[in-house]
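1. Sequence and predicted structure below; questions after.
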Amino acid sequence: MYHPCTLHLRSLLRYNILMPRERLYRTEAVVLRRHDFGEADRMLTLYTPELGKFHALAKGVRKLTSRKAGHLELFMRSQLLLARGRDLDIITQAETIDPYRTLREDLIRTTYASYAIELLDRFVEEANENRPLYDLLVATLNRLCESDELALVVRYYELHLLSLVGYQPQLFRCVGCGKMLEPEDQFFSAARGGVLCPACGSAYQAEAVPLSLPALKVLRFAQTHPFAELANLRLRAALHAELERVMQHYIVFMLERNLKSVEFLRLLRREARQGVAAAELATDPSAKAEVPSWKG
Ligand SMILES: [Zn+2]
């Protein structure tokens, strides 16, 4: 028999109440941002599956002899060992899981990847765990390496990222009158967070942009189907451009409402120019737009 006090102590220990927090911990992470710090250090913004976004210091990483250096590049996915610090945690070991080399060797892919991580950085608060969003980021970086449908990779990412941070656009009911949408051309209102039927769209024209039926079909399909199915669609360059315009209209509205930086909006526009050029190159102009069928 244990003395009751001993039992109490054991349960306290089991629940970590008396234990100091572990000094060292492991996590995998994608590097979102980095900047030089002090003589030879670097401050990193990391995105992780269990801890969300946070900053950590990589000491001595700019020295030629650093063993961590090659594992902490921008949008690299690595396994890290960190030590808890008073203000900042310190990266003590780093080992690459996926360097996403293709992303670094192809300028268009690099731009899309930069856009993807910036978008996440802008929409995500620190220390907010969101495992599905981490998985989406990793899947997107993989797709940006492997897929030739880069515009679709990014549209899919935008739509699902917005959903995962609480801004899922309403694509099935009119956000003005609440009626189910009919298969016809519509409007999109960023301020109202979704599609406006033709009647409501005409009434609120100042705040809405036109949304064609094919574009709405693709957005709905992307919102409700796995990426592999979306990637089978072959869209005309004009439809790609429309999808991008609508998503940017929504994203810019959300960022401006949240007082996000002008610099990022500039990057968005650069992505837009390169994206349209890539879509035009990749798309046979005579190809018929294959859009999903209407599902009410
Ligand atoms: Zn309506």
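-> Noted; the coordinates are in hand.

2. For the rest of this, base every contact and every neighbour count on C-alpha atoms.
-> Fine.

3. where along the stretch 1-150 of the chain do the helices fall?
-> 4-14, 101-105, 107-123, 131-146, 150-164 (DSSP state H, counting those that start in this stretch).

4. Is it possible to get JSON lines of those helices that adds mean neighbour count, distance to Pro49 and mean pLDDT?
-> As requested, the helices of the stretch 1-150 of the chain are arranged in JSON lines below (neighbours: other CA atoms under 10 Å; distance: least, CA to CA, whole Å; pLDDT from 0 to 100):
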{"stretch": "helix 4-14", "mean neighbour count": "11", "distance to Pro49": "25", "mean pLDDT": "50"}
{"stretch": "helix 101-105", "mean neighbour count": "15", "distance to Pro49": "21", "mean pLDDT": "91"}
{"stretch": "helix 107-123", "mean neighbour count": "19", "distance to Pro49": "13", "mean pLDDT": "92"}
{"stretch": "helix 131-146", "mean neighbour count": "19", "distance to Pro49": "5", "mean pLDDT": "97"}
{"stretch": "helix 150-164", "mean neighbour count": "21", "distance to Pro49": "14", "mean pLDDT": "96"}
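
5. mind checking which of those helices is nearest Leu46?
-> Nearest to Leu46 among the helices of the stretch 1-150 of the chain is helix 107-123; the distance by CA to CA comes to 9.4 Å.

6. elements contacting that closest one?
-> Applying 3 or more CA pairs under 8 Å, 6 or more residues apart in numbering; DSSP states H and E, one finds that helix 107-123 contacts strand 24-37, helix 101-105, helix 131-146, helix 150-164, helix 262-282.

7. what sits against the residue nearest the centre of the chain?
-> Residue closest to the mean C-alpha point of the chain, counted by CA atoms, centre = their mean, is Leu120 at 4.1 Å. Contact analysis of Leu120 by CA atoms under 8 Å, 6 or more residues apart in numbering lists Leu161.

8. Likewise for Phe75?
-> Residues near Phe75 by CA under 8 Å, 6+ apart: Val30, Val31, Leu32, Arg33, Pro99, Tyr100, Ala113, Ser114, Ile117.

9. please redo it, this time with the cut-off set to 7 Å
-> Val30, Val31, Leu32 (CA atoms under 7 Å, 6 or more residues apart in numbering).
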